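K.L.:
Got a predicted structure plus its sequence, pasted below:
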Amino acid sequence: ANYGQGESSGKIILMGEHAVVYGEPAIAFPFYATKVTAFLEELDAMDDQLVSSYYSGNLAEAPHTLKNIKKLFIHLKKEHDIHKNLQLTIESTIPAERGMGSSAAVATAVTRAFYDYLALPLSREILLEKVQLSEKIAHGNPSGIDAAATSSLQPIYFIKGHPFDYFSLNIDAFLIVADTGIKGQTREAVKDVAHLFERQPHETGQMIQKLGYFTKQAKQAIIENSPEMLAQTMDESQSLLEKLTISNDFLDLLIQTAKDTGALGAKLTGGGRGGCMIALAQTKTKAQEISQALEDAGAAETWIQGLGVHTYV
Ligand code: MEV
């Protein structure tokens, strides 16, 4: 065919962000409420073209912030000996730079579009390898969790460098996701934790280990269907992430607002320093109330996701 199409969803990290870079486990799931589509077509033009809400024009002249996509595009064309000029159209409902894995999701959708265009089967290994190539440019030292979670159809229990483990994230509770509207700074945040580690290896190492411990506890809470226990591990993680300087004032305010409105637990999700926060509620009505309170407090957008077979929405 002379065109190809690929899709991917965003992702939410329930537990374990940052610590996952150091080999601790994390729990994440594809977030179907947000989606990116990549469409590739042959073009009768002199150059490759990119069409997106962020930038439209000659791909070679795309701004620096899109260099991960540019690099992936060039890599795929070269690897598969594609000489035709192409137009890549990207449509996304994943807010960019908010800890929802938008860069990994775009890379997943673009890789899928290329393989669809080439009519080649795409294995999970090759997909992850391509997305990781793009993520290294976007994030510097990615654990691979965004690549794994955005391209997955199911929740995962992820440990860096390990084959990943699908996980039944099935608990009778509702998750509220709120976007601060502030661009997160994953790359800087990951770098700052690394600096903290260099300066205070003992304390930082302990905090990271504790984050890993709470992720393991969270897994146990999910297996036991205990929303209260899961919530507690979320609160404990948030206070550690604050100590690691990953939170910020607005995230703290939204987390407090959620707790004041009756959330069982709340924390930031993803890279931090902006981006999104998540809160856990026992019922859908409570989740709606919390979601409203978060919007009243200034959240740019909120979503509600049921986590159990009985609560899935
Ligand atoms: C970003 O979504 C998650 C971080 O743990 C970075 C990474 O794992 O690559 C902050």
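P.N.:
The structure has been received and is ready for your questions. As the structure is a prediction and not an experimental result, all values here were calculated from the model.
K.L.:
So which bits of the stretch 101-250 of the chain are right by the ligand?
P.N.:
Within the stretch 101-250 of the chain, the positions near the ligand by Cβ under 6 Å from any ligand atom are 101, 139, 142, 143, 145, 146, 186, 190. Yep, even glycine has a C-beta here, placed from its N, CA and C like the rest.
K.L.:
In helices, which of those fall?
P.N.:
In this view, those that belong to helices under DSSP state H are 139, 145, 146, 186, 190.
K.L.:
Export those as TSV, with columns for distance to residue 50, pLDDT and neighbour count.
P.N.:
Formatted as TSV, those follow (distance: Cβ to Cβ, whole Å; pLDDT from 0 to 100; neighbours: other Cβ atoms under 10 Å):
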residue	distance to residue 50	pLDDT	neighbour count
139	21	77	20
145	27	94	27
146	21	92	33
186	22	86	28
190	27	93	20
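K.L.:
For the longest helix seen in the chain, buried residues please.
P.N.:
Looking across the chain with DSSP H, the single longest helix is helix 201-223. Residues of helix 201-223 classed as buried by neighbour count (16 or more other Cβ atoms under 10 Å): 204, 207-208, 210-219, 221-222.
K.L.:
got the residues of the stretch 101-250 of the chain next to the ligand as TSV, with distance to residue 174 columns?
P.N.:
Below are those laid out as TSV (distance: Cβ to Cβ, whole Å):
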residue	distance to residue 174
101	21
139	30
142	29
143	27
145	23
146	24
186	26
190	30
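K.L.:
I'd like to know which elements the helix or strand of the chain with the lowest mean pLDDT is packed against.
P.N.:
Within the chain, no helix or strand scores below strand 165-166, which has a mean of 83 by mean pLDDT, DSSP states H and E. For strand 165-166, the packing partners by 3 or more Cβ pairs under 8 Å, 6 or more residues apart in numbering; DSSP states H and E come out as strand 156-158.
K.L.:
The strand it packs on packs against which elements?
P.N.:
Applying 3+ Cβ pairs under 8 Å, 6+ apart, we find strand 156-158 packed against strand 26-42, helix 145-150, strand 165-166.
K.L.:
chain center to the last one, what's the gap?
P.N.:
Here strand 165-166 is found 17 Å from its chain centre; the criterion is Cα atoms, centre = their mean, to the nearest Å.
K.L.:
Give me the sheet partners of it and which way each runs.
P.N.:
Each strand paired with strand 165-166, and its direction, by DSSP bridges: strand 156-158 (antiparallel).
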